[in-house]
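Asker: this one's sequence-less:
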């Protein structure tokens, strides 16, 4: 256990906005020494300066594309050069592409997988040898409720998140003989960050996320708690548990309902120009922690309908299972 975080070296990828920025600020308040990474150096340096003002022992910004394994190894070397060790690595980078599968360019599907899955593999591959030499360390893998259930109209995103869950399970098994090295997974529900507005958009409609949308700072508090008291898995937000349960009871039906309500949303949402978002380059507009999505009334109404439908499906399936059990 890391316990007291004062002076501990924490690396955070994807730290220039959203959950990554919120986590950086939370670790800064705990007195950690931060090494912050993302592709966009200008936004990252702004976050680093804020972290220093909040109490971080140090905060340096390192421009890093996690899809480049050499760049990630250089990031780890920079962290070691700064403090001589790495105590916590938060693998947080994530991108998305929204669109019908066949209308989304293959290059975009590939970039989602390359960033969300290969990028996290690069993170782990760079830092695990450091942890093994030290005999301790905490790798926090930011995943998603998309690892529990299918994500229609964002197929590559869901595939990457399923892959991340498998990656963590495999690493925990390999490291079972190293009790002071921890692989911790975080599964947030829908979080109000700029990530949605930064996503690639191939449906030509304004994107949003269904409520309840949670504050990224809640995820950040969970990440800091894992750094102090590691455990294999942390789920953030009741909605993530609801989605997980619905998928367990009736996986295909849950996916079908999700697709149905998304189609309704797309028909009603305002038109926008399709774009590659931040898939291939940092966003033009610097991000922040909050995405400003918690006032989307259309998303709220459709989410309420979907929750009622999922609840009905779950109740029906449970009733059928009980009847089958009694019949046997």
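Answerer: Ah, there it is. What you are looking at is a predicted structure, and each value in this text was computed from that prediction instead of being measured.

Asker: use CA for all of it now, contacts and neighbours both
Answerer: Noted.

Asker: low pLDDT regions in the chain?
Answerer: Applying pLDDT under 70 to the predicted model, the residue ranges of the chain that meet it are 1-3, 294-328.

Asker: endpoints of stretch 96-114, how far apart?
Answerer: Distance between the boundary residues of stretch 96-114 (Cα to Cα, to the nearest Å) amounts to 11 Å.

Asker: buried residues, that stretch. List them.
Answerer: 96-99, 101, 104, 108-109, 111-114 (16 or more other Cα atoms under 10 Å).

Asker: could you do stretch 43-63 as well?
Answerer: Applying 16+ other Cα under 10 Å to stretch 43-63 flags 43-45, 47-48, 50-52, 54-63 as buried.

Asker: now, which of the buried residues of stretch 96-114 lie within strands?
Answerer: Members of these lying in strands (criterion: DSSP state E): 97-98.

Asker: for the buried residues of stretch 96-114, which one is nearest residue 209?
Answerer: Residue 209 has its nearest neighbour among the buried residues of stretch 96-114 in residue 98, at 11.6 Å by Cα to Cα.

Asker: if I look at the closest one, how far off is residue 267?
Answerer: As judged by Cα to Cα, residue 98 and residue 267 stand 14 Å apart.

Asker: circling back to that earlier point, just flag the most distant two among the buried residues of stretch 96-114.
Answerer: Spatially, the most separated pair among the buried residues of stretch 96-114 is 99 and 114, at 17.9 Å (Cα to Cα).

Asker: residue 4: neighbour count?
Answerer: 12 (other Cα atoms under 10 Å).

Asker: pretty sure it sits against residue 226.
Answerer: No: counting by Cα atoms under 8 Å, residue 4 stays clear of residue 226, with 11.9 Å between them.

Asker: can you show me the strands along the chain?
Answerer: Using DSSP E, strands in the chain cover 9-13, 33-38, 58-63, 88-91, 97-98, 137-142, 181-188, 200-201, 233-236.

Asker: hang on, isn't residue 27 packed against residue 226?
Answerer: No: the pair residue 27 / residue 226 is not scored as a contact, 11.5 Å apart, by Cα under 8 Å.

Asker: contacts only, for residue 28.
Answerer: The neighbourhood of residue 28, defined by Cα atoms under 8 Å, 6 or more residues apart in numbering, consists of 34, 51-52, 54-57.

Asker: which member of the residues you listed is positioned nearest residue 247?
Answerer: Nearest member of the contacts of residue 28 to residue 247, counting by Cα to Cα, is residue 34, at 37.6 Å.

Asker: who's the closest one bridged to?
Answerer: Beta-bridge pairing of residue 34 under DSSP bridges involves residue 10, residue 59.

Asker: how many other residues sit next to it?
Answerer: Neighbours of residue 34 (other Cα under 10 Å): 30.

Asker: for residue 236, give its distance to residue 228.
Answerer: In this structure, residue 236 and residue 228 are 17 Å apart, going by Cα to Cα.
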